[in-house]
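Would you be able to build a 3D model of this:
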Amino acid sequence: GYYATSTKDGKPWVKTDFLLDQLDLATIKQLSSYFKLSPNLTAQLNGFSLVGQLQSVKFGYESLAGKALGYKINTAFKGLGLTAYENIPGFSNLTGNIRANENGGEILLNAQNAMLDFKDVLRWPIPADQLNGRINWQTADNETDVKAKDIFITSPHITGTVNASYRIKGNDVKNSVLDLAGKFGKGNAKFAPFYYPTILGKPTLQWLDTSVLAGSAEDVNLVVKGKLGDFPYVNHKNQLDNKLGLFRVNAKISDALLEYGEDWPVIEKLGLEMLFEGKRMELNASKGYIFGNKIIKSKTEIAQLDADSPILHIVSEVEGPVADGIKFVNESPVKSVTQGFTDDLKATGQGKLTLELKIPLEDLEASKYIGAYKITDGTIFANTGIGLPELSKVNGNLNFTENSLATQNVNAEILGGPAQFSLRTGADKILRVSANGRLTDAGIKKITSNILIDNMQGSADWAGEISIKKPLVDVNLRSNLIGMAIQ
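Modelled structure (predicted):
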């Protein structure tokens with residue numbers, strides 16, 4: 001190569017061209033101490049910590065009066081690494097080729113076992129078993145247009161392709177415009193925390209990290225379109241504003257495992273439609289199981305992901321055997337308001353649960369919920385521990401909140417005849433059951449036997465109450481026995 005200095009139009013002029021078989025980029029930082037560099041450039045060299053090797057380097061540079069007139073570079077690179085610094089992402093172990101000059105250039109990527117570090121955007125570096133694609137750019141009038149074409153990435157986390165364009169004027173990052181579209185598949189939800197952006201805030205990230213526990217993601221689509229300074233493109237009401245731009249991630253997740261709140265049962269084999277849009281998250285499910293209860297539909301939403309105290313709002317409907325509904329109650333916070341009534345309850349029949357939860361992610365203890373459980377043609381077997389006779393042909397609704405349990409005029413067959421019962425809890429935490437109906441001699445003979453009862457015939461009205469505050473149970477049953485006879 002050569003290095004020439006002279007004057008041109010009476011001004012200092014420098015021109016150099018050289019060829020190198022190989023250049024270790026780590027030496028640039030070492031050699032920089034021999035040159036007079038600006039403090040800003042020195043800080044960048046130290047911050048970026050360039051590593052890797054350039055091969056078959058062709059480089060040229062020309063300046064006049066200390067102002068660059070042009071440059072050109074053509075080289076292959078391998079093991080290229082850059083530490084994330086300021087607003088520039090980092091990377092490691094990139095392999096490919098670069099051809100560039102003052103008007104533009106092109107990078108061809110063909111890397112294996114690389115890492116991408118979007119510091120301050122994502123929490124951890126992203127692995128790339130394979131990273132291929134083409135990036136080119138053009139610069140004119142202090143404006144640079146960058147295009148990324150078919151950037152293909154595959155890893156144990158996910159596989160997909162990204163296309164993007166990026167326009168920046170000078171160093172004005174806020175007003176730079178990004179138009180990015182990514183399409184991915186073969187995603188493993190176990191690694192989803194790598195891809196949750198930090199803008200979601202710590203409470204939301206904590207919930208996502210500990211709630212979406214497993215699953216397979218397909219048809220994952222990412223769109224970012226607009227000025228970076230307007231991201232995530234919402235108005236003053238935190239609603240998506242298409243005039244500003246669009247940020248959206250949607251995915252289909254199958255066989256998901258979801259734990260949506262502390263002490264609530266895990267949902268298995270869940271089919272999810274996941275959406276992040278603007279500052280909002282929404283999960284819609286149409287399949288899945290809580291124990292043996294089948295999910296009919298479920299919607300989980302955080303209206304403002306970066307709120308000071310984001311609220312997780314869940315509305316779900318599930319159906320299944322009453323026995324599995326009781327199991328859900330006993331292994332969820334609802335158990336606290338039953339006063340042990342459901343602890344040893346055995347039942348058959350079909351049930352449908354409607355449940356709404358509001359969980360402040362910064363204060364899980366302040367969670368609120370309201371629900372209703374509908375029993376159809378159920379049977380609740382006798383429980384001597386709480387003085388409960390067998391109830392058959394049970395039809396009715398049980399309503400509950402985090403503080404109360406109540407039902408009104410549930411129809412059933414008790415002691416051989418039709419009956420109704422109601423129950424409620426109060427501020428004193430006592431569960432009170434009141435019932436009335438008509439008993440028959442056959443119904444009484446099912447629960448007890450002696451000479452008197454064995455000779456009874458007929459039917460009579462009855463009423464009763466049960467009060468439960470564990471370990472205490474108070475049972476009061478009465479009947480005037482009008483309509484009964486002893487033969």
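
how about the strands in the stretch 51-200 of the chain?
Listed in chain order, the strands of the stretch 51-200 of the chain (DSSP state E, counting those that start in this stretch) span 51-64, 67-82, 90-101, 104-117, 126-140, 143-154, 159-169, 177-185, 187-188.

between these, which gets nearest to Asn242?
Of all the strands of the stretch 51-200 of the chain, strand 177-185 sits nearest to Asn242, with 13.9 Å by Cβ to Cβ. Heads up, the C-betas are built off the backbone N, CA and C, glycines and all.

for that closest one, packing partners?
Other helices and strands packing on strand 177-185, by 3 or more Cβ pairs under 8 Å, 6 or more residues apart in numbering; DSSP states H and E, are strand 159-169, strand 212-227.

Pull the longest one out as CSV, backbone CA atoms only.
By that I understand strand 212-227. What follows is the C-alpha trace of strand 212-227 in CSV, where atoms were taken according to Å, rounded to 0.1, in the frame of the first residue of the first chain:
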residue,chain,number,x,y,z
VAL,A,212,-45.9,-18.6,30.9
LEU,A,213,-44.0,-21.7,31.9
ALA,A,214,-44.0,-23.8,28.7
GLY,A,215,-45.4,-24.1,25.2
SER,A,216,-44.7,-24.1,21.5
ALA,A,217,-45.0,-20.8,19.5
GLU,A,218,-45.8,-20.7,15.8
ASP,A,219,-46.9,-18.0,13.4
VAL,A,220,-45.1,-15.3,15.5
ASN,A,221,-45.3,-11.9,13.7
LEU,A,222,-43.5,-8.8,14.8
VAL,A,223,-44.2,-5.3,13.3
VAL,A,224,-42.5,-2.0,14.3
LYS,A,225,-43.3,0.9,12.0
GLY,A,226,-42.8,4.6,12.8
LYS,A,227,-40.4,7.1,14.4
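
Enumerate the positions of it that are buried.
For strand 212-227, the buried set under the neighbour-count rule, 16 or more other Cβ atoms under 10 Å, comprises Val212, Leu213, Ala214, Gly215, Ala217, Val220, Leu222, Val223, Val224, Lys225, Gly226, Lys227.

wait, isn't the first one in contact with Asp255?
Going back to what we said before, that points to Val212. No: with the criterion set as Cβ atoms under 8 Å, Val212 and Asp255 do not qualify as a contacting pair; they are 12.0 Å apart.

Centre-most residue in the chain?
By Cα atoms, centre = their mean, the mean C-alpha position of the chain lies nearest to Leu208, the distance being 4.3 Å.

A helix includes that residue, no?
Yes: Leu208: assigned to a helix according to DSSP: H, G, I helix; E, B strand; the rest coil.

Now the closest residue to it other than its chain neighbours: phi and psi?
Leaving out its chain neighbours, the residue that sits closest to Leu208 by Cβ to Cβ, 6 or more residues apart in numbering is Tyr196, at 5.6 Å. Note on Tyr196: backbone dihedrals following degrees, to the nearest 10 are phi -80, psi 120.

Check the burial of Tyr196 by counting its neighbours.
Counted with other Cβ atoms under 10 Å, residues neighbouring Tyr196 total 19.

Kindly report the same for Ala128.
Neighbour tally, Ala128, other Cβ under 10 Å: 24.

measure the residue nearest to the centre of the chain to Gly378 for me?
Relative to Gly378, Leu208 is positioned 37 Å away (criterion: Cβ to Cβ, to the nearest Å).

quick one, helices of this protein?
Per DSSP state H, the chain has helices spanning 26-31, 39-48, 202-211, 322-330, 441-447, 451-454. These are given in chain order.
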